[in-house]
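Student: 3D model of this:
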Amino acid sequence: MKKTFRLLTFLFILLITLFVSASIVSAHTENVQATDVKYKAEGGYLYFNKETGTVSGADETVIKASIPEEIAGHKVTTIGAGCFNGCLSLKTISFPASVQLIEPSVFVSCPSLESIHVDPSNAVYETIDNVLYNAKEKKLIRYPENKPGTGYQISEGTEIIGKYAFRDCYSLENVKIPNSVLYLEAFSFQGCNSIGEIKIPEGVKQIESGNFSNCINLERVILPKSLENLQASNFVYCPKLKAIDVSDENQQYCDMNGVLFSKDLSRLYCYPAGKPQTFYLIPQTVKVVEYSAFNSSRNLRHIDMSDAVEKIFAGAFNQCTGLEIIRLSDGLSTMHQAFMDCKKLKSITIPPKLEKLDGWMFTGCENLESVYLPENIQIEDDYAFEYCDKVRLYGAMGSPAEAYAKRNGLPFFDISQIQYRKLSVSASTFRYNGRDQRPKISVEGLSEGKDYSLIKPDNSVRAGSYTVEIKGMGDYTGSRTVTYQIMPAPISNVQITGLMTKYTYKGKAITPSPRIFAGGKELRNGSDYTVSYSKGRKNVGIYTLKLAFRGDYSGSLSKQYTIVPKKTNLSKLTAGKKQLRVKWKRQRTQVTGYQIQYATNKKFTKKSVKTTTVKSNKTTSKKIKKLKAKKKYYVRIRTYKTIKISGHTKRIYSQWSKVEYKKTR
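Tutor: Numbers count the residues shown, from 1 in each chain. This next block holds a predicted model:
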């Protein structure tokens, strides 16, 4: 009976899939009425409703659609919703001046579309570089899916990026969004497979749902301080996403190590699916795990959370295909469809405050073997464990869970209530301090050694995840695990040696090798930290060395160092009447010019010093005039190189030459 039902279910899903696929392909004619007239286009026909002035659909074979101002003596004023959806061959389309309304989602699934044109006299719409805009609303409506090129700069002054604006633009690698943009409508960048990074500029206040879903090569997202509303499921199936960076000044959101939270850390919005870590401890501040928060995080093997978590919304852990262990909060009261396709999950304990399991909760968890259920939980949907062929339910005899198991032909086993008794755990996290640390654990109303035993790790010194098994004895059976974490120690009071602030240009890359000390202990490169450097490091400039701590330590430090030009020396200093003539050795490489200082005080105090600049490195002499007669002057010289940093010009100077002096005549 069960197999027959599953076969019928499979056939039903298959029919639905075929229906949806057919709907997508035929969407271009779904609004066409029998009374609509045909208009010939290249490759097929357009369909026009004379009563409403609406182009209502098009044959999927249309290649080029040049829409006139009138069809059959009636003015064309509207392009209907979904009009060209699924027109797989459509390459170019032109709209007349008479069009006053282009309804939503007109060009979805037009993979050949290269250009969109609007008559220049149209009062509402315009095209800029073959991209469709609503000029009145300052809105980008559609970027053609097959438009040549890998980059695009959205027009300055645009305030809204429309729904599906860049959807399925597979060749786009980067899109520059101007500061004028305030609002991103839903799914605007969905399926942009080549984009690696998205920077949302200051000014954007709202991002609707699904904006970056299915961007399979997206690795980083940068969110501004202006963002006030980020709707759900924006990063579903972004398997390479490693970090979401939020401006520290944002008042609604923040990030911790690339994970997106509400500002007060009470809601976890997104754990990037491409993060390499295998363990994650949800912070103790979190009360809500949002929709699709961990969706497709395939590297995670183990997730733990504190008892502060109260709600887990739909899709939160769906398709975490590597997830083997998860401990749910004892404070959890709401959970919806959270574990679909967690193919390596073997066992889970449902906490006592949860009153209901939704349908499809564990669908596709093909290796799920043990589900421990509280006495009063209701399993209201017969598909909660669909395609979980190995599952066995554990609970109290006579409970709703037993009735559910009998109704669905699932194995059910009676167990004692040890796993549902309240635990006392002194702490679930510790900071690495070089000593063995572990929590005190007890089971309410029971005695260790008589009713249960604690199976503990040999030691828990190093940073990492540790598990204590609570195993029933005597009148009690079953087991339960408590996981605690030794968190890496945040780096503070670090001493760094072997790193200078300035190095002289050598004509080859300069790569410092610092030594790092913390708490009197020298840390090891590779196991305690890694070092990364700015690219280049050869020419004169400012470079960054970044220390990323790992293992028993966490955090990062960045140190800047400067490569300065080679210095020059004074070759001759000649005195004249109230003047000096200065000569020096030319420096040809990585030098823009020279700076000369002269003073009546050999210490070059501010009151006595004067400076002159030579702006060409080819010049090797200069007269200094208007000096005092019969006065001793001290002179020194240094080279400089002009560079640009963030659009600003900066001079980098060499060391000063040896000081020479002469007395004027």
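Student: Could you pull out the strands in the stretch 351-500 of the chain for me?
Tutor: In chain order, the stretch 351-500 of the chain shows strands spanning 356-357, 370-372, 378-379, 392-395, 412-414, 423-425, 429-431, 441-443, 452-455, 464-472, 479-487, 489-490, 495-497, with DSSP state E, counting those that start in this stretch as the criterion.
Student: right, and those strands - which one's nearest Arg267?
Tutor: With CB to CB as the measure, strand 429-431 is the member of the strands of the stretch 351-500 of the chain nearest Arg267 (19.7 Å). All C-beta atoms are positioned from the backbone trio N, CA, C, and that covers glycine.
Student: Not counting its own residues, what contacts that closest one?
Tutor: Around strand 429-431, the neighbours that count as contacts under CB atoms under 8 Å, 6 or more residues apart in numbering are 281, 284, 437, 484-490.
Student: can you redo those as JSON lines with distance to Gln231 and neighbour count?
Tutor: Below are the contacts of strand 429-431 laid out as JSON lines (distance: CB to CB, whole Å; neighbours: other CB atoms under 10 Å):
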{"residue": "Leu281", "distance to Gln231": "27", "neighbour count": "18"}
{"residue": "Gln284", "distance to Gln231": "26", "neighbour count": "13"}
{"residue": "Gln437", "distance to Gln231": "41", "neighbour count": "17"}
{"residue": "Tyr484", "distance to Gln231": "35", "neighbour count": "23"}
{"residue": "Gln485", "distance to Gln231": "32", "neighbour count": "20"}
{"residue": "Ile486", "distance to Gln231": "37", "neighbour count": "21"}
{"residue": "Met487", "distance to Gln231": "32", "neighbour count": "15"}
{"residue": "Pro488", "distance to Gln231": "33", "neighbour count": "19"}
{"residue": "Ala489", "distance to Gln231": "37", "neighbour count": "20"}
{"residue": "Pro490", "distance to Gln231": "33", "neighbour count": "11"}
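Student: Switch these over to TSV; also include pLDDT.
Tutor: Compiled in TSV, the contacts of strand 429-431 are given as follows (pLDDT from 0 to 100):
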residue	pLDDT
Leu281	93
Gln284	90
Gln437	95
Tyr484	91
Gln485	90
Ile486	92
Met487	88
Pro488	88
Ala489	86
Pro490	83
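Student: which among the residues you listed gets closest to Ser292?
Tutor: Ser292 has its nearest neighbour among the contacts of strand 429-431 in Leu281, at 19.8 Å by CB to CB.
Student: Identify the bridge partners of that closest one.
Tutor: According to DSSP bridges, Asp304 are recorded as the beta-bridge partners of Leu281.
Student: Spit out the contact partners of it.
Tutor: With CB under 8 Å, 6+ apart as the criterion, the residues that contact Leu281 are 303-305, 428-429, 465, 485, 487.
Student: Alpha carbons of the strand ranked longest in the chain, as PDB, please.
Tutor: As far as residue count goes, and with DSSP state E defining each element, the longest strand of the chain is strand 632-645. Taking C-alpha atoms only, strand 632-645 is exported to PDB below (Å, rounded to 0.1, in the frame of the first residue of the first chain):
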ATOM      1  CA  LYS A 632      75.500  79.200   7.300                       C
ATOM      2  CA  TYR A 633      72.800  77.000   5.700                       C
ATOM      3  CA  TYR A 634      72.300  73.200   6.200                       C
ATOM      4  CA  VAL A 635      70.900  71.300   3.200                       C
ATOM      5  CA  ARG A 636      69.400  67.800   2.700                       C
ATOM      6  CA  ILE A 637      67.500  66.100  -0.100                       C
ATOM      7  CA  ARG A 638      65.100  63.100  -0.500                       C
ATOM      8  CA  THR A 639      63.300  61.500  -3.400                       C
ATOM      9  CA  TYR A 640      59.600  61.000  -3.700                       C
ATOM     10  CA  LYS A 641      57.200  58.900  -5.700                       C
ATOM     11  CA  THR A 642      53.600  60.100  -6.500                       C
ATOM     12  CA  ILE A 643      51.000  57.300  -6.200                       C
ATOM     13  CA  LYS A 644      47.200  57.200  -6.100                       C
ATOM     14  CA  ILE A 645      45.200  55.700  -3.300                       C
END
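Student: No further queries at this time; thank you.
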